[in-house]
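Novice: sequence plus predicted model, see below.
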Amino acid sequence: MTLLTVNIGVAQSKKEVQGNKSSNENTTWVKRQLRAVWIPSVLNISWPSKTGLSKEEQKAEMIKLLDEAKAMGMNAVVIQIRPTADAFYPSKINPWSKYLSGKQGENPGYDPLAFMLNEAHKRNLEFHAWFNPYRISMDTNLEALVPDHPAKKNPDWVVSYGGKLYFNPGIPEVKQHVIDSVMEVVKKYDIDAVHFDDYFYPYPVAGQEFPDEELYQKYGAGKFESKHDWRRHNINMLVKEVSTAIKKEKSYVKFGISPFGIWRNKSSDPTGSDTRGSQSYETIYADTRTWIQNEWLDYVTPQIYWNRGLAVADYEKLVPWWENEVKGKNVQLYIGQAAYKIGTESPPAWMDPEEMPNQLKLNMQYPDVKGSMFFSVTDLLANRLNFKDRLSQDLYKYPALVPTMPWLDAKPPKAPTIHTALRTPKGVSLVWNDHPRSDATYYTVYRFKKGEKIDFENPQHLIHTVRRSSKTSLVQVYTDKSAKSDEKYIYYVTAVDRLHNESKPSNPKSVKDK
């Protein structure tokens, strides 16, 4: 998911997109919608901003990123914790990442993953742990790896290709190593999801053939019609077995993948998209359709990193194509949004401040599009064409709950009970009790003016989500600092579990003056 690969095989169109006028309707104001941002660590793209920072400096940077994500209206973060066969956590399988200290294998003096996870949950942000399954290093120097690196101990697993080192997906032991790396995190940490992006077999490099003929003869010849089918099978089995392992350990942990935005073009397959770009089915052997049809994923986030009207890969054509792929399946569709292109001149459409807002509004026309992920947090914070401000002040002005996944859990918690709603100099102080043995993870606070229609589906009344203070505490407290001192309000609270099933509303509580 770096800027190096998302445009492979897609030439830029000279056609300028017409009809970019924004709608006055706030069609992005909905109660349920995934709003996520990718936070990459490879090459220190977003975090840490550079190697060698003290743990206090690293923590301060992450806190700022999470605060900014929350302020922009996000409800989830996708943080890269295994960028190059390494770890942002103490691991028995992979070495400490060099993107922390500058030296692979060096302990940063704390557990970054535990810290990030705790801070994300404090802000009621879902934490999607982002793994790169096969990439070993961003160069070809095997000797630079630490002595106990799995690649160093298993050099026959390693392939040098396109200026980088990779684990070879055709080796069964490699598949198991990837599964073990994922499951180490699933077992130890309270993550909400496991996330892969678009790196499976490496993107093709002109004039270079991926060197796996010997492996194909050993494992695939005679069983598959072609080496390409065998390669796809290797990736399919990884996806299937990771999915099975996750659900066996923790049924509530989601598994999602963000593939390249084109599965196949119509010219290759009549059921493919009306596009003429690079095809992930052919180039990186990612058969997303098979993953969706077999429901090995809980969500899919195609990287539709092109503008509306682009001749070779039109955003307006790709979104409905992907929606049709998930229709009727227990797989949610989110769209990968190219925040990094906002304010760039190639093609000129991205200089239009309405391009990305109009993409988000277009998404809303398709019921099976359940939200968006933005690449990357660094690009959003740059606020090019004022898009960051547009999110917080308009498009994501009101909070949204993450969509439920009823195939994982459909039973909501019981409703809490509000005891007091007291006006203080700091706002309105709410105190409520949860139900004994509640499995609530957080609470939603609704506010209505006296005489206003009570409508819990209108996000303008959902003023905040509050993380549960502890698993054992039944008493919860929240101060509504945005309440106007001269306004009469009625409050309701609901309890929400970790898979976002929401209870019935609490009793209504009118504000009393102190």
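Specialist: That came through, no problem.
Novice: how many residues are close by residue 406?
Specialist: Residue 406 is flanked by 11 other residues according to other CB atoms under 10 Å. Every C-beta, even on glycine, is put in place using the N, C-alpha and C of the backbone.
Novice: Validate this expectation: it resides in a helix.
Specialist: No. The assignment for residue 406 by DSSP: H, G, I helix; E, B strand; the rest coil gives coil, which leaves it out of any helix.
Novice: wait, a helix at residue 495?
Specialist: No. With three-state DSSP as the criterion, residue 495 is assigned strand and is not in a helix.
Novice: that one and residue 299: what is the separation?
Specialist: Here residue 495 is placed at a distance of 24 Å from residue 299 (CB to CB, to the nearest Å).
Novice: residues contacting the most centrally placed residue in the chain?
Specialist: Centroid-nearest residue in the chain, with CA atoms, centre = their mean: residue 78, separated by 4.3 Å. Applying CB atoms under 8 Å, 6 or more residues apart in numbering, we find residue 78 in contact with 36-39, 128, 130, 195, 373.
Novice: repeat for residue 163
Specialist: Contacts of residue 163 by CB under 8 Å, 6+ apart are 139-140.
Novice: these two touch, right, residue 185 and residue 114?
Specialist: No. Between residue 185 and residue 114 there is no contact under CB atoms under 8 Å: 10.8 Å.
Novice: neighbour count winner among the two?
Specialist: Neighbours of residue 185 and residue 114, each counted by other CB under 10 Å, are more numerous for residue 185; the result is 22 against 15.
Novice: so how far is the helix or strand where residue 160 lies off the chain centroid?
Specialist: Using DSSP states H and E, residue 160 maps to strand 158-161. Here strand 158-161 shows a centroid-to-chain-centroid distance of 28 Å under the convention CA atoms, centre = their mean, to the nearest Å.
Novice: again with stretch 503-514
Specialist: 34 Å.
Novice: quick one on the thing from earlier: the residue nearest to the centre of the chain in helix, strand or coil?
Specialist: Residue 78 is classified as strand under three-state DSSP.
Novice: not counting sequence-adjacent ones, nearest residue to it?
Specialist: residue 128 (4.2 Å; CB to CB, 6 or more residues apart in numbering).
Novice: pLDDT score for the residue nearest to the centre of the chain?
Specialist: Note on residue 78: pLDDT of 98.
Novice: what are the ranges of the helices in the stretch 51-200 of the chain?
Specialist: Assigned by DSSP state H, counting those that start in this stretch, the stretch 51-200 of the chain shows helices spanning 55-71, 98-101, 112-122, 150-153, 172-188.
Novice: where do the strands sit along the stretch 1-150 of the chain?
Specialist: 34-39, 76-82, 126-131, 135-137 (DSSP state E, counting those that start in this stretch).
Novice: in the longest one, which residues are buried?
Specialist: Within strand 76-82, the residues that qualify as buried are 76-82, counting by 16 or more other CB atoms under 10 Å.
Novice: let's have the strands of the stretch 1-150 of the chain in TSV, adding distance to residue 352.
Specialist: Output for the strands of the stretch 1-150 of the chain, formatted as TSV (distance: least, CB to CB, whole Å):
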stretch	distance to residue 352
strand 34-39	22
strand 76-82	27
strand 126-131	30
strand 135-137	35
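Novice: for residue 433, find the nearest of those strands.
Specialist: strand 126-131 (25.7 Å; CB to CB).
Novice: give the other helices and strands that that closest one contacts.
Specialist: Counting contacts by 3 or more CB pairs under 8 Å, 6 or more residues apart in numbering; DSSP states H and E, strand 126-131 packs against strand 34-39, strand 76-82, helix 112-122, helix 172-188, strand 193-196.
Novice: neighbouring strands - and their directions - for the second one?
Specialist: Looking back up the chat, that one is strand 76-82. strand 34-39 (parallel), strand 126-131 (parallel) (DSSP bridges).
Novice: can you tell me which of those strands is packed in deepest?
Specialist: Across the strands paired with strand 76-82, averaging neighbours per residue (mean count of other CB atoms under 10 Å) puts strand 34-39 on top, at a mean of 26.
Novice: which stretches of the protein have low pLDDT?
Specialist: For the chain, applying pLDDT under 70 flags the ranges 1-26, 514.
Novice: tell me the secondary structure at residue 388.
Specialist: For residue 388, the assignment made with three-state DSSP gives helix.
Novice: assign the residue lying closest to it once chain neighbours are set aside to helix, strand or coil.
Specialist: Nearest residue to residue 388 in three dimensions, chain neighbours excluded: residue 380, at 5.3 Å (CB to CB, 6+ apart). At residue 380 the chain is in helix, as set by three-state DSSP.
Novice: residue 495 and residue 299 - which one has more neighbours?
Specialist: Between residue 495 and residue 299, counted using other CB under 10 Å, the more crowded position is residue 495 (27 against 23).
Novice: so the more buried one makes contact with residue 417?
Specialist: No. Between residue 495 and residue 417 there is no contact under CB under 8 Å: 10.3 Å.
Novice: please report how far residue 187 lies from residue 194.
Specialist: Look at residue 187 and residue 194: by CB to CB, they are 12 Å apart.
Novice: isn't there a strand covering residue 215?
Specialist: No. Per three-state DSSP, residue 215 lies outside any strand segment and is helix.
Novice: one step back: closest to residue 205 out of the helices and strands packed on strand 126-131?
Specialist: helix 172-188 (20.4 Å).
Novice: how about the strands paired with strand 76-82 in CSV, adding distance to residue 204?
Specialist: Converted to CSV, the strands paired with strand 76-82 look like this (distance: least, CB to CB, whole Å):
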stretch, distance to residue 204
strand 34-39, 24
strand 126-131, 23
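Novice: ok, which of those comes nearest residue 474?
Specialist: Here strand 126-131 is closest among the strands paired with strand 76-82 (CB to CB), at 24.0 Å.
Novice: check contacts around the closest residue to residue 378 other than its chain neighbours.
Specialist: Spatial nearest neighbour of residue 378, chain neighbours left out: residue 46 (4.6 Å); criterion: CB to CB, 6+ apart. Contacts for residue 46 (CB under 8 Å, 6+ apart) come out as 38-40, 65, 376-378.
Novice: and for residue 409?
Specialist: Counted by CB under 8 Å, 6+ apart, residue 409 has contacts 251-252, 497, 499, 501.
Novice: show me just the buried residues among those residues.
Specialist: For these, a burial check counting by 16+ other CB under 10 Å picks out 497, 499, 501.
Novice: and the residues you listed as TSV, adding distance to residue 86?
Specialist: Output for the buried ones among the contacts of residue 409, formatted as TSV (distance: CB to CB, whole Å):
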residue	distance to residue 86
497	33
499	30
501	36
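Novice: just name the closest of these to residue 181, please.
Specialist: Nearest to residue 181 among the buried ones among the contacts of residue 409 is residue 499, at 24.7 Å by CB to CB.
Novice: just to confirm, which helix or strand has that closest one in it?
Specialist: Going by DSSP H and E, residue 499 is not part of any helix or strand.
Novice: so it sits against residue 401, correct?
Specialist: No. Taking CB under 8 Å as the definition, residue 499 is not a contact partner of residue 401, at 10.9 Å.
Novice: distance from stretch 142-152 to the middle of the chain?
Specialist: Centre to centre, stretch against its chain (CA atoms, centre = their mean), the figure for stretch 142-152 is 30 Å.
Novice: revised request: answer the last question for stretch 479-498.
Specialist: On CA atoms, centre = their mean, the centre of stretch 479-498 falls 29 Å from the chain's centre.
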